[in-house]
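S.K.: Quick one: sequence plus predicted model below, questions after.
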Amino acid sequence: MTAAPPPAQARPTPDPTALLAWYDRHRRTLPWRARPGETADPYRVWLSEIMLQQTTVRAVVPYFERFLRLFPTVEALAEAPAEEVMKAWAGLGYYSRARNLHACAMAVVERHGGRFPADEDALRALPGIGAYTAAAVAAIAFDRRAVVVDGNVERVITRLHTVDEPLPGAKPRIRTLADGLTPDTRPGDFAQAMMDLGATICTPKSPACGLCPYREPCRARAEGTAETYPRKEKKAEGVLRRGAAFVAVRPDGAILVRTRPPKGLLGGMTEVPGTAWAAGFDAAAALGDAPVAARWTKVPGTVGHVFTHFPLELVVFRAQTEAEAPEGCRWLPKREIPGAAFPTVFRKVLAHALGDAD
């Protein structure tokens with residue numbers, strides 16, 4: 001009779017104190033993060049969390065530092081004209097964040113006397129603050145126990161527990177698992193430690209499992225499958241949209257611009273006039289949408305840009321003109337072009353048309 005194989009050795013349970021000890025030695029130095037012994041600034045924490053949505057730390061740091069110079073307090077941000085806020089945000093993308101950022105600052109001043117509330121529910125009642133941001137601010141700025149789950153944390157949790165269900169469907173289970181791991185003591189440091197672990201050790205590709213404080217309890221490391229987590233549903237590719245952009249230039253170097261509607265894609269940002277963006281765009285009829293009568297010349301090539309839900313391709317027309325600005329448009333002086341609130345796609349258009357738009 002063949003003896004039954006011995007039971008597999010049980011993996012240890014992830015210990016929050018092990019991660020906190022690792023964090024105390026290896027924490028990242030970030031401009032919005034309080035140093036050991038310092039008290040976190042809720043304004044800086046909130047501002048960084050809004051900026052970091054869908055954006056990398058490396059890209060955010062210069063924007064964050066410039067924002068603090070321009071708007072050093074939530075009161076200063078609340079009092080700033082919306083156009084100045086959009087100008088400072090230009091290039092970070094997802095421009096509804098900038099509109100909500102400004103609205104949230106005004107709400108904090110009006111409802112809370114310029115002090116961010118520490119309670120998650122009160123934070124969620126503010127414009128632009130969802131469940132994740134409310135939890136992050138409550139934990140990091142006020143050391144409240146809150147379950148903070150960003151992309152880095154999702155990766156760590158799915159690997160620790162080999163969560164096979166793909167995202168986004170796995171989010172509730174991931175949150176439950178993260179809740180079970182979050183300690184009552186130092187919850188703010190724990191949240192930042194999980195983020196740092198995902199950003200520096202438990203990376204999407206080639207994770208440094210040998211250096212990880214959770215290497216022993218990690219199921220994916222034991223199975224050699226870490227890089228396959230988190231599992232994700234395949235995204236449907238957006239349909240290519242096309243359109244035309246018109247760069248009208250006055251002899252003094254001013255360009256014709258307009259402000260996009262406050263709601264919707266790139267809301268409130270500055271743009272050059274153009275056609276609608278559509279899959280069925282007819283390039284042959286594009287000049288019928290030109291903003292002024294002029295000798296328009298098509299610039300060779302096209303401008304490509306990829307938004308979250310669709311790719312875009314623009315043909316660009318350029319003209320020299322002294323025409324009056326039509327209704328809804330204005331002439332932007334040449335000296336103001338570099339600091340204007342152009343999103344990246346229109347910076348590309350200007351560079352394509354003028355060659356030195358930056």
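M.R.: Cool, the structure landed.
S.K.: tell me the strands in the chain, going along the chain?
M.R.: 241-249, 255-259, 270-271, 297-298, 303-306, 311-320, 329-332 (DSSP state E).
S.K.: For the longest helix seen in the chain, which residues meet the burial criterion?
M.R.: Longest helix in the chain, counting residues (DSSP state H): helix 96-112. Neighbour counts over helix 96-112 (16 or more other Cβ atoms under 10 Å) mark 97-109 as buried. To be clear about C-beta, it is placed using only N, CA and C from the backbone, and glycine gets the same treatment.
S.K.: From those, pick the one nearest residue 34.
M.R.: Nearest to residue 34 among those is residue 108, at 19.4 Å by Cβ to Cβ.
S.K.: Please give me every residue in contact with the closest residue to residue 55 other than its chain neighbours.
M.R.: Once flanking residues are discounted, residue 55 sits nearest to residue 92: 6.1 Å by Cβ to Cβ, 6 or more residues apart in numbering. If you count contacts by Cβ atoms under 8 Å, 6 or more residues apart in numbering, residue 92 has them with 51, 55, 59, 60, 63, 98.
S.K.: burial measure for the third one, as a count.
M.R.: Spelled out, it's residue 59. A count of neighbours around residue 59, defined by other Cβ atoms under 10 Å, yields 14.
S.K.: And for the first one?
M.R.: Residues contacting residue 51 under the criterion other Cβ under 10 Å number 23.
S.K.: I'd say it and residue 66 touch.
M.R.: No - at 10.8 Å, residue 51 does not count as touching residue 66 under the criterion of Cβ atoms under 8 Å.
S.K.: Which stretches in the stretch 151-300 of the chain count as helices?
M.R.: For the stretch 151-300 of the chain, the helices defined by DSSP state H, counting those that start in this stretch occupy 151-160, 171-181, 187-200, 219-223.
S.K.: Could you identify which of those is most buried?
M.R.: helix 151-160 (a mean of 24; mean count of other Cβ atoms under 10 Å).
S.K.: ok, the residue nearest to residue 258 when sequence neighbours are not counted - contacts?
M.R.: Nearest residue to residue 258 in three dimensions, chain neighbours excluded: residue 329, at 4.5 Å (Cβ to Cβ, 6+ apart). Residue 329 makes contact with 256, 257, 258, 273, 291, according to Cβ under 8 Å, 6+ apart.
S.K.: Now the closest residue to residue 316 other than its chain neighbours, what are its backbone angles?
M.R.: In this structure, residue 316 finds its nearest non-sequential neighbour in residue 299, 4.4 Å apart by Cβ to Cβ, 6+ apart. With angles defined as degrees, to the nearest 10, residue 299 sits at phi -80, psi 130.
S.K.: Now for residue 299: which residues touch it?
M.R.: Residue 299 neighbours (Cβ under 8 Å, 6+ apart): 315, 316, 317, 318, 352, 353.
S.K.: Could you report the separation of it from residue 86?
M.R.: 26 Å (Cβ to Cβ, to the nearest Å).
S.K.: And for residue 279?
M.R.: On the measure of Cβ to Cβ, residue 279 and residue 86 end up 28 Å apart.
S.K.: okay, the strands of the chain, which one's buried deepest?
M.R.: The most buried one of those (mean count of other Cβ under 10 Å) is strand 241-249, showing a mean of 22.
S.K.: Low-confidence regions, this protein specifically.
M.R.: Along the chain, segments meeting pLDDT under 70 span 1-10, 356-358.
S.K.: what does the domain assignment say about it?
M.R.: 16-228, 241-354 (automatic domain parsing).
S.K.: mind checking the end-to-end distance for the shortest one?
M.R.: In other words, domain 241-354. In domain 241-354, first residue to last residue: 23 Å (Cα to Cα, to the nearest Å).
S.K.: Could you do the first one as well?
M.R.: Between the opening and closing residues of domain 16-228 lies a distance of 24 Å (Cα to Cα).
S.K.: The helices of the stretch 151-300 of the chain into CSV, with extra columns for distance to residue 247?
M.R.: Shown next, in CSV, are the helices of the stretch 151-300 of the chain (distance: least, Cβ to Cβ, whole Å):
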stretch, distance to residue 247
helix 151-160, 37
helix 171-181, 43
helix 187-200, 40
helix 219-223, 51
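S.K.: how near is the nearest residue to residue 121 once chain neighbours are set aside to residue 197?
M.R.: Distance criterion Cβ to Cβ, 6+ apart; nearest residue to residue 121, sequence neighbours excluded, is residue 134 at 7.8 Å. Note on residue 134: its distance to residue 197, by Cβ to Cβ, is 22 Å.
S.K.: what's the answer for residue 20, then?
M.R.: 11 Å.
S.K.: Out of the helices of the stretch 151-300 of the chain, which gets nearest to residue 78?
M.R.: helix 187-200 (25.1 Å).
S.K.: Report the angle between that closest one and helix 151-160.
M.R.: The directions of helix 187-200 and helix 151-160 differ by 80 degrees, with axes from the mean of the first three to the mean of the last three Cα atoms, to 10 degrees as the criterion.
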